[in-house]
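Participant: Mind looking at a prediction? Sequence and model below.
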Amino acid sequence: MSILIQVAYLISSILFILGIKKLGKTKSAREGNIYSAVGMLLAIAATLVTLNILSCVEIFVCILIGGAIGLYISQKVEMTKIPEMVALFNGFGGLASFAVALSDYFLKTQSVDTYPDSINAISIIVSVLIGGITFTGSMIAYLKLDGKISGSPITFKGQHPLNLILLIAFIVAGVLAYLNPGDQIFMIGLIVISLLLGILTVIPIGGADMPVVISLLNSYSGMAACATGFILNNNVLIVAGSLVGASGIILTQIMCKAMNRSLTNVLLGGFGQTVSGPAADGPQIVVKEIGVEETAMLFDSVSSVLVVPGYGMAVAQAQHVIRELMEQCEKRNIDFKFAIHPVAGRMPGHMNVLLAEANISYDKLIEMESINDDFPNTDLVLVVGANDVVNPAARTNPQSPIYGMPILNADKAKTVIVCKRSMGKGYAGIENELFGYPNCLMLFGDAKQTITKVVSELKEM
Amino acid sequence: MSILIQVAYLISSILFILGIKKLGKTKSAREGNIYSAVGMLLAIAATLVTLNILSCVEIFVCILIGGAIGLYISQKVEMTKIPEMVALFNGFGGLASFAVALSDYFLKTQSVDTYPDSINAISIIVSVLIGGITFTGSMIAYLKLDGKISGSPITFKGQHPLNLILLIAFIVAGVLAYLNPGDQIFMIGLIVISLLLGILTVIPIGGADMPVVISLLNSYSGMAACATGFILNNNVLIVAGSLVGASGIILTQIMCKAMNRSLTNVLLGGFGQTVSGPAADGPQIVVKEIGVEETAMLFDSVSSVLVVPGYGMAVAQAQHVIRELMEQCEKRNIDFKFAIHPVAGRMPGHMNVLLAEANISYDKLIEMESINDDFPNTDLVLVVGANDVVNPAARTNPQSPIYGMPILNADKAKTVIVCKRSMGKGYAGIENELFGYPNCLMLFGDAKQTITKVVSELKEM
Amino acid sequence: MNADSLLILIYILVLASYLGFELITKVPPTLHTPLMSGSNAISGITIVGALIACNEMGYSTLSKWLGMLALILATINVVGGYMVTDRMLKMFKKK
Amino acid sequence: MNADSLLILIYILVLASYLGFELITKVPPTLHTPLMSGSNAISGITIVGALIACNEMGYSTLSKWLGMLALILATINVVGGYMVTDRMLKMFKKK
Ligand SMILES: NC(=O)c1ccc[n+]([C@@H]2O[C@H](COP(=O)([O-])OP(=O)(O)OC[C@H]3O[C@@H](n4cnc5c(N)ncnc54)[C@H](OP(=O)(O)O)[C@@H]3O)[C@@H](O)[C@H]2O)c1
Ligand SMILES: NC(=O)c1ccc[n+]([C@@H]2O[C@H](COP(=O)([O-])OP(=O)(O)OC[C@H]3O[C@@H](n4cnc5c(N)ncnc54)[C@H](OP(=O)(O)O)[C@@H]3O)[C@@H](O)[C@H]2O)c1
């Protein structure tokens, strides 16, 4: 009996691995997600079989409630809100691990009266720490992203020393809890400190840096699941948790590298929207404007177009109208493709999801390395709500904070039209000299509204 | 105590993994091999610590003997003899696993009088089967490669039925041995059958197919180590064994794919040197010859040269004189590179080892995919002892047995010189119409002797 | 749990983490958002822990409530995570 | 050995094999020969088994001789395999 369940766990571990493997190719990605979901179902089913089902009506009630909520959120959420949703779910996952660890602890100390053995106790303490930080940290990240609390970094004097003190307090309380497993007061101390740590470490980080934080917390939630696996001596928890842990760390690294900042720099906070001061602005950038009609005429006259989408496209929800623009161009036999920067937007792969949502075939979305050599041969580049990812300072100005970050060479094209609302800065809070280049024309206005107008002009031509 | 040894095993498992990972990059490959050797040393040291050392003089004697033999062979072996050496060592490894399994079996049944439990028994049976096949199979492969027995496939009527009968006999004896662990007669039956199976499965395979067999047997020796790990409940054996098993299977696949044959086709035997019949020869190929002096003059007049080395270069040991040719050409500012087919020679990566031995920098050795587009822009291609890997029939003739195998497009170059002894066929035993192409010139003779002459001509110019 | 079984769990942890790194570094940027939400769904595996925790309920009210809380949250994470990833991937089409 | 520990060993087998496949498919053709001889050296890990088998000797002459035979052969495989791989890799140089 028990061996069959172990075999089921083994199979579900393999399904998770195969799922992640298949998720790595566009063609098989959906299948991969299904593999991994089947693995999850199998693990759940195997666990249910071990339980005394009849006496557990509560279990089914809980699953029904949770399932209904999950289903509802997943169907309602807009594609632009994925970061918020991942933050929320991540927090739930962290809290779940946290609660499982505590449930085991209280069971052993209160009722069964067998103290947890030392490995067990350490696993519980680690799980409480990581789970607690994941929970409150993710919640703050969610609230910041959703605008429920201000996105600007909240800093105060003595913040870092306070965090340090809390960490030390956690270690001391952890040792005490380890030595006196029966004494619940230490465990309650651990709970409070870990929840506080989650809040205090995320609060000082700017709203725009939240995706990095979420990815890191995603990795933590995997580690929390691992720790739970050590508590329950359960392999499938360890395998699945490790996969999530690895995935979170890699995505975090990718984002940091693409922003040309270290993880410490992100976590120490205070960056984000505050940096952009008017101090030491270079010479004022003089730009040339272009109107909607001229833009439409330009589109009518070229033979190749590359679109560089950015965060502004997501804000304006302009992806659908861009598809219409593409259809107009293809009617005119214009070669129309998208140049995708790996960290355009606020999430890795953000643009791909939005453009896929607008029903644009993924073979039109070309990654940075493959497309960068094509810019010089392109007649017209349309930059939609992107800014940092086309800032030539990353190539040319060693003083710039983004110097060294790989960018799309939009400036090398014959003509560049930049569609944004104003001369507003991007995520990195710095000027973009591209806007003043001789081959660059500014098309001011909200991306969706402006491009809608361009499309209707084109339709009339 | 025991826990420390387990930790040491864990560390050595990690070292094996890191070692294999580093072996994947030319720069770090040597370091990777050292990592893996340190892992091995650690595993041995940890095991020795558990033993009652003083009473085990024999152990040190055995290690000294084995170490001295291993050291001697490894320093003496020529780089062209690597396949033979791998076959030999592989056989030793298989026999070692085989002996360990039997030692455990006889210990339990004869002396300690505790019968092996069922999992133990199955592991022993599997280990005997795989270990035995690996041992005798590798030995036959070694003898064939080394020319000690004829390389031609040895086939007889009823061969496949006989193998089938032996396999069935093995299963029956295995079940009986499992049911009567105390009865040694069944185990002895298993021993005999497994040793026979190794001989009988390799004997019908042609000498030229031996590299595939060795790679497969290499994988088996890893699996045998795994099975031993299951007998002794030892994780490091399982991790290391799995890595070897995976490596052998992948290399086997690569070779089969490059030869455009299935593994079954190789294993069923009777291919190799026998196929090349004169039957259905197309129209006789008419070739143009070139002499040593004209070759030297041609080299003196071109500006880019690509060398395609093949099995004949290994036979003739011509790699050193080719380095001299390269030096002569570089003195004349001729662009000189090597185009390496993945299965040129008789081992994957064979050419790279030989050319590296001749002190040629590895950035001059270009892999097939990267170099294939360069042939049309190359003035002169020198094919040294290669045949099948430049046979255009793989691209053009759907009837050819090698149709579909990826080849080097040497025929697309302005001029091709083919250096070989005669119109002899290559491994696949088929004609090569390239030799009759208008841009192809034959330079007949042993590769080493001929190219030595070309080099001395060039020196005098 | 004794030290031996701990070590085995560490073996599994090390191998699975390394495997995770190897697999995930191969995922192309295009799929990074689905990867993020998909791996988030996998982290809901803690649902297995929650079920086990619920099973032990009855002994202690606190443990019981904690287990049920964990179960609801983990279910949201699992169901929501997989569904939204599927919704996203369904949109990735080639025409 | 009971079924539980068997299963754990199978976990390790599965994870390590999969990891092996991922790592080895990345090795470029240039290095396939050293890979072959290097992994051949690793298969000499059976030396650990041989040492354990030798340790149990004294009980039975047959077991003892088999253990010693295994030890000699495995040592040849290990020492020879690593040395020759190193000899080979030493030659791979960029100038
Ligand atoms: N993707 C990730 O994983 C990730 C994670 C963390 C950080 N980041 C960072 O995020 C940045 C991404 O670069 P990006 O070029 O995509 O964006 P960006 O540099 O942040 O610029 C976005 C631009 O969109 C414009 N915009 C805003 N709303 C708009 C609307 N409704 N219509 C038209 N334009 C609008 C804004 O200018 P106006 O105000 O003038 O309209 C702004 O300059 C990089 O610096 C990257 O390092 C990315
Ligand atoms: N590398 C692997 O892993 C591997 C494994 C299994 C099979 N294979 C197979 O092996 C073949 C490799 O192709 P290849 O082009 O390298 O070799 P090949 O097709 O076997 O041709 C070798 C040629 O070298 C010539 N030769 C022999 N001794 C010579 C000497 N002393 N001087 C000059 N030439 C000499 C022979 O012609 P003469 O007799 O006229 O001199 C022969 O035609 C492929 O078919 C491949 O599928 C490779």
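Facilitator: Arrived safely, thanks for sending. Ligands and ions are numbered 1, 2, ... in the order given.
Participant: For the rest of this, base every contact and every neighbour count on C-alpha atoms.
Facilitator: Fine.
Participant: residue ranges with poor pLDDT in chain C?
Facilitator: Low-confidence segments of chain C, defined by pLDDT under 70, span residues C:1, C:56-60, C:95.
Participant: where exactly do the helices run in it?
Facilitator: Using DSSP state H, the helices assigned to chain C run over residues C:3-24, C:32-42, C:46-55, C:61-91.
Participant: Run a quick neighbour tally on the nearest residue to residue A:121 once chain neighbours are set aside.
Facilitator: With Cα to Cα, 6 or more residues apart in numbering or on different chains as the criterion, residue A:121 has its nearest non-adjacent residue at 6.1 Å, and that residue is residue A:178. Look at residue A:178: counted by other Cα atoms under 10 Å in any protein chain shown, it has 22 neighbours.
Participant: Enumerate every residue touching the residue nearest the centre of chain C.
Facilitator: Closest to where the C-alpha atoms of chain C average out (Cα atoms, centre = their mean) is residue C:43, at 2.1 Å. By Cα atoms under 8 Å, 6 or more residues apart in numbering or on different chains, the contact set of residue C:43 is A:93, A:221-222, A:225, A:240-241, A:244, C:78.
Participant: Quick check: residue A:417 is in a strand.
Facilitator: Yes - under DSSP: H, G, I helix; E, B strand; the rest coil, residue A:417 sits within a strand.
Participant: if we can go back for a sec, closest to residue B:288 among the contacts of residue C:43?
Facilitator: Closest approach to residue B:288 among those (Cα to Cα): residue A:244, at 64.1 Å.
Participant: Test my guess that the closest one contacts residue C:42.
Facilitator: Yes - Residue A:244 lies in contact with residue C:42 (Cα atoms under 8 Å); the separation is 6.8 Å.
Participant: picking that back up, which one of the contacts of residue C:43 is nearest residue D:17?
Facilitator: residue A:240 (17.2 Å).
Participant: can you tell me how far the closest residue to residue A:397 other than its chain neighbours sits from chain C?
Facilitator: Once flanking residues are discounted, residue A:397 sits nearest to residue A:403: 6.3 Å by Cα to Cα, 6+ apart. Distance, residue A:403 to chain C, by Cα to the nearest Cα, to the nearest Å: 21 Å.
Participant: Report the contact partners of residue A:403.
Facilitator: Listed by Cα under 8 Å, 6+ apart, the contact set of residue A:403 reads A:260, A:393-397.
Participant: thinking again about what came up before, tell me the pLDDT at the residue nearest to residue A:121?
Facilitator: Residue A:178 is assigned a predicted lDDT (pLDDT) of 86.
Participant: Could you double-check that it sits in contact with residue A:123?
Facilitator: No - taking Cα under 8 Å as the definition, residue A:178 is not a contact partner of residue A:123, at 10.3 Å.
Participant: Going toward the C-terminus from the lowest-mean-pLDDT helix or strand in chain A, what's the next helix or strand?
Facilitator: Across the helices and strands of chain A, mean confidence by mean pLDDT, DSSP states H and E is lowest for helix A:263-267: a mean of 78. Following helix A:263-267 in sequence order, the next helix or strand is strand A:288-289 (DSSP states H and E).
Participant: Residues touching that next one, excluding its own?
Facilitator: Contacts with strand A:288-289, where a contact means Cα under 8 Å, 6+ apart, come from A:436, A:440-444.
Participant: out of the contacts of residue A:403, which are buried?
Facilitator: With burial judged by 16 or more other Cα atoms under 10 Å in any protein chain shown, the buried subset of the contacts of residue A:403 is A:260, A:393-395.
Participant: Out of these, which is nearest to chain B?
Facilitator: Proximity of the buried ones among the contacts of residue A:403 to chain B (Cα to the nearest Cα) peaks at residue A:260, which lies at 26.4 Å.
Participant: hang on, isn't that closest one packed against residue A:402?
Facilitator: Yes - in this structure, residue A:260 is within contact of residue A:402 by Cα under 8 Å, at 6.1 Å.
Participant: what number of residues lie near the closest residue to ligand 2 within chain C?
Facilitator: Per Cα to the nearest ligand atom, residue C:22 is where chain C lies closest to ligand 2, at 26.5 Å. For residue C:22, the count of nearby residues is 17 (other Cα under 10 Å).
Participant: And for residue A:343?
Facilitator: 24.
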